[in-house]
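A.B. asks: Build me a structure from this.
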Amino acid sequence: MRKLPTPKLQQENDLELLFAGIFKTHEYRLYTLALRLTKSDLYAKDIIQEVFLKLWEHRDSLRSIDNIEAWLYRLTENKVIDFLRK
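C.D. replies: Numbering: from 1, shown residues only. Here you go, the predicted model:
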């Protein structure tokens, strides 16, 4: 007999699906932005990894972010600035 997921588990699964959709939709565009600004494939990939790690850390508040595209774009710009300061 199969157990039904608990509300907490179902909510976590929903957040994972939402995160995956956001990643698929925005990853390439953010990568090209980071690549254009850093002129390095390696650094651009690192920056995008940091951006999506930050998003994952804030996954509980994903639904409260009004404009996810602007949020990700601003975070990417900030990560690039941090990188260029090093």
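
A.B. asks: excluding its backbone neighbours, what's nearest the most centrally placed residue in the chain?
C.D. replies: In the chain, the residue lying closest to the centroid (C-alpha atoms, centre = their mean) is Phe52, at 2.8 Å. Closest residue to Phe52 in three dimensions, ignoring its sequence neighbours and counting by C-beta to C-beta, 6 or more residues apart in numbering: Phe23, at 6.0 Å. The way it works is simple: take the backbone N, C-alpha and C, and place the C-beta from them, glycine included.

A.B. asks: before we move on, the earlier item: and the residue nearest to the centre of the chain, helix, strand or coil?
C.D. replies: helix (DSSP: H, G, I helix; E, B strand; the rest coil).

A.B. asks: From Leu18, how far out is it?
C.D. replies: According to C-beta to C-beta, to the nearest Å, Phe52 stands 13 Å off from Leu18.

A.B. asks: do Lys86 as well
C.D. replies: Remark: distance between Lys86 and Leu18 (C-beta to C-beta) = 32 Å.

A.B. asks: again with Glu77
C.D. replies: Summarising the geometry, the distance separating Glu77 from Leu18, computed by C-beta to C-beta, is 23 Å.

A.B. asks: do the same with Ile81
C.D. replies: 27 Å.

A.B. asks: follow-up on the earlier one: so Lys86 and Leu18 - more neighbours on which side?
C.D. replies: A count of neighbours by other C-beta atoms under 10 Å puts Leu18 above the other of Lys86 and Leu18, at 14 against 5.

A.B. asks: element containing the more buried one?
C.D. replies: Mapping Leu18 onto the secondary structure by DSSP states H and E places it in helix 7-38.
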